[in-house]
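Asker: Predicted model and sequence below, questions to follow.
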Amino acid sequence: MIFDYPVPRLERKHGPEGYSAYESYRPWLRDEFVFRCVYCLKREMWGQATAEFELDHFQPQSLVPERALDYLNLVYACRRCNSVKQDQAIADPLILLSSKTVCVMLDGTIVGTSLDSKRLIAQMDLNSPALCRWRVIWMRIVELAKQRDTFLYQQITGFPPDLPNLGVLRPPLNSRPEGLASSWYTMQQKGELPAEY
C-alpha cells in the first residue's frame, strides 16, 4: 500500500558528520528517508518541482542547540509537517512511525498501536480532516493509475529522476561508509533499483 510506513530501523544506514551547515545533509536525508516525508509519507514526486521538503530537527534547535548539526537529529519532512511540528519536542519518528506501531486505514486515518505513537500522531496532527482526505485521494489516484495508466503509475510510485550520488560527496567524517553501497543511486547504477516503492 502506498501509505505503508517502513519497517522500524535500529540505526540509520548513513552516517555523515562534521558539516558546518545542516542543509549540507540534504542529499543524505533524501536517500535515507526514501524521498518522502517521515511524518505523513508525502513523496517528492507528488508535489511541485522545488522547495516542498525541509530538514527537520526532531529535537528542536531552540531546545537542544548542541544537536543542530547532528545528522541523527535530522529528518526529511514536507513543509506542512515541519510547520505543524515547529519547536515541539517529539520522540524519534523513525521508531514511532513504523509498520509495527502505526497503520493507515482506508478512510485515510492513521491508527497508532502504542501510547507513544498515538501521542506523536496527535502532536503532528496527522489525522486532520484535510490530511485524511488527501490520503484517500492519493490512494485512489494510485489505484486508478495502476489500472489505467502504466506511465502515470510508474511516475507517482517510482523514484525521482535526480537520485543523489552520495559517493561523490565528501563529508568531513562518515561513520557508516558502508551505507553508500545501499544508496538508491548505487542501486540504480547496478540495475537493482525497484520500479516502485
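Answerer: Thanks, I have the structure now.
Asker: Only the buried residues of stretch 141-156, if you could.
Answerer: Buried positions in stretch 141-156, judged by neighbour count with 16 or more other C-beta atoms under 10 Å: 142, 145-146, 153, 156. The way it works is simple: take the backbone N, C-alpha and C, and place the C-beta from them, glycine included.
Asker: Closest one to Cys37 out of the residues you listed, please.
Answerer: Nearest to Cys37 among those, counting by C-beta to C-beta, is Ile156 at 15.1 Å.
Asker: Between which two of the buried residues of stretch 141-156 is the distance greatest?
Answerer: Lys146 and Ile156 (9.6 Å).
Asker: out of the buried residues of stretch 141-156, which are inside helices?
Answerer: Members of the buried residues of stretch 141-156 lying in helices (criterion: DSSP state H): 142, 145-146, 153, 156.
Asker: Which strands and helices lie in contact with the lowest-mean-pLDDT helix or strand in the chain?
Answerer: Across the helices and strands of the chain, mean pLDDT, DSSP states H and E gives its lowest value to helix 93-96, namely a mean of 92. Applying 3 or more C-beta pairs under 8 Å, 6 or more residues apart in numbering; DSSP states H and E, we find helix 93-96 packed against helix 115-123.
Asker: how distant is the helix it packs on from the center of its chain?
Answerer: 18 Å (C-alpha atoms, centre = their mean, to the nearest Å).
Asker: Extract the C-alpha set from that helix and format it as PDB.
Answerer: Extracted C-alpha coordinates of helix 115-123, given in PDB (Å, rounded to 0.1, in the frame of the first residue of the first chain):
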ATOM      1  CA  LEU A 115       0.600   5.400  23.600                       C
ATOM      2  CA  ASP A 116       3.700   7.000  22.200                       C
ATOM      3  CA  SER A 117       2.700   6.600  18.600                       C
ATOM      4  CA  LYS A 118      -0.700   7.900  19.300                       C
ATOM      5  CA  ARG A 119       0.800  10.900  21.000                       C
ATOM      6  CA  LEU A 120       3.100  11.600  18.000                       C
ATOM      7  CA  ILE A 121       0.100  11.300  15.600                       C
ATOM      8  CA  ALA A 122      -1.700  13.900  17.700                       C
ATOM      9  CA  GLN A 123       1.300  16.200  18.000                       C
END
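Asker: Now name the helix or strand holding Ala77.
Answerer: strand 74-78 (DSSP states H and E).
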